[in-house]
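1. Task: produce atomic coordinates for the following.
(one chain, ligands or ions: 1)
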Amino acid sequence: MDDNDPKVKRKVRTLTMRIDRSLCIGAATCVAIAPKAWALDDEAKAIILDSVEEETDETLLEAAKGCPVMAIFITDETGKQLYP
Ligand code: SF4
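-> Presented below is the predicted three-dimensional model:
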């Protein structure tokens, strides 16, 4: 899956979300916190869902913070990294 695949990197409103699948251990904390944003694929690694817009910015940030290996990166519209 290349880095520009929307399952891996996607702009949601002012936020840009990115998952580093090489870090993801499939703990699914992100799925539990933001089930409309995240799912595990058949490699047991997280992907961004098309329904991601249905989650609030706060929930998206909570899910990133919940990831035990900090595999979810979120930046704002100025490119500033909000998490981790
Ligand atoms: S919480 Fe982190 S490690 Fe767990 S599935 Fe989500 S991205 Fe992967």
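2. ok, which residues in the protein are in contact with the ligand?
-> Within the chain, the positions near the ligand by Cβ under 6 Å from any ligand atom are 19, 24-30, 38, 46, 67, 69, 71-72. Just so you know, the C-beta spots here come from the backbone N, C-alpha and C atoms, and that holds for glycine as well.
3. if you set the cut-off to 5 Å instead, what comes out?
-> Residues of the chain found near the ligand (Cβ under 5 Å from any ligand atom) are 24, 25, 27, 28, 29, 30, 46, 67, 69, 71.
4. Just checking the distance from the top helix by length along the chain to the centre of its chain.
-> Looking across the chain with DSSP state H, the single longest helix is helix 57-66. Mean-position distance between helix 57-66 and its chain equals 8 Å (Cα atoms, centre = their mean, to the nearest Å).
5. Over to stretch 62-81?
-> The answer for stretch 62-81 is 7 Å, by Cα atoms, centre = their mean.
6. and it, C-alpha only, in PDB?
-> Output in PDB follows, covering the C-alpha atoms of stretch 62-81 (Å, rounded to 0.1, in the frame of the first residue of the first chain):
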ATOM      1  CA  GLU A  62      -8.300  10.600  21.000                       C
ATOM      2  CA  ALA A  63      -7.800   7.600  18.800                       C
ATOM      3  CA  ALA A  64      -4.300   8.700  17.800                       C
ATOM      4  CA  LYS A  65      -3.400   9.200  21.400                       C
ATOM      5  CA  GLY A  66      -4.800   5.800  22.300                       C
ATOM      6  CA  CYS A  67      -2.500   4.000  19.900                       C
ATOM      7  CA  PRO A  68       0.000   2.100  22.100                       C
ATOM      8  CA  VAL A  69       2.800   2.400  19.500                       C
ATOM      9  CA  MET A  70       2.100   5.900  18.300                       C
ATOM     10  CA  ALA A  71       1.500   4.800  14.700                       C
ATOM     11  CA  ILE A  72      -1.100   7.400  14.000                       C
ATOM     12  CA  PHE A  73       0.200  10.900  12.900                       C
ATOM     13  CA  ILE A  74      -2.100  13.900  12.800                       C
ATOM     14  CA  THR A  75      -1.100  17.300  11.400                       C
ATOM     15  CA  ASP A  76      -3.100  20.500  11.100                       C
ATOM     16  CA  GLU A  77      -3.600  22.600   7.900                       C
ATOM     17  CA  THR A  78      -0.300  24.500   8.600                       C
ATOM     18  CA  GLY A  79       1.600  21.200   8.600                       C
ATOM     19  CA  LYS A  80       2.100  21.400  12.400                       C
ATOM     20  CA  GLN A  81       2.100  18.000  14.000                       C
END
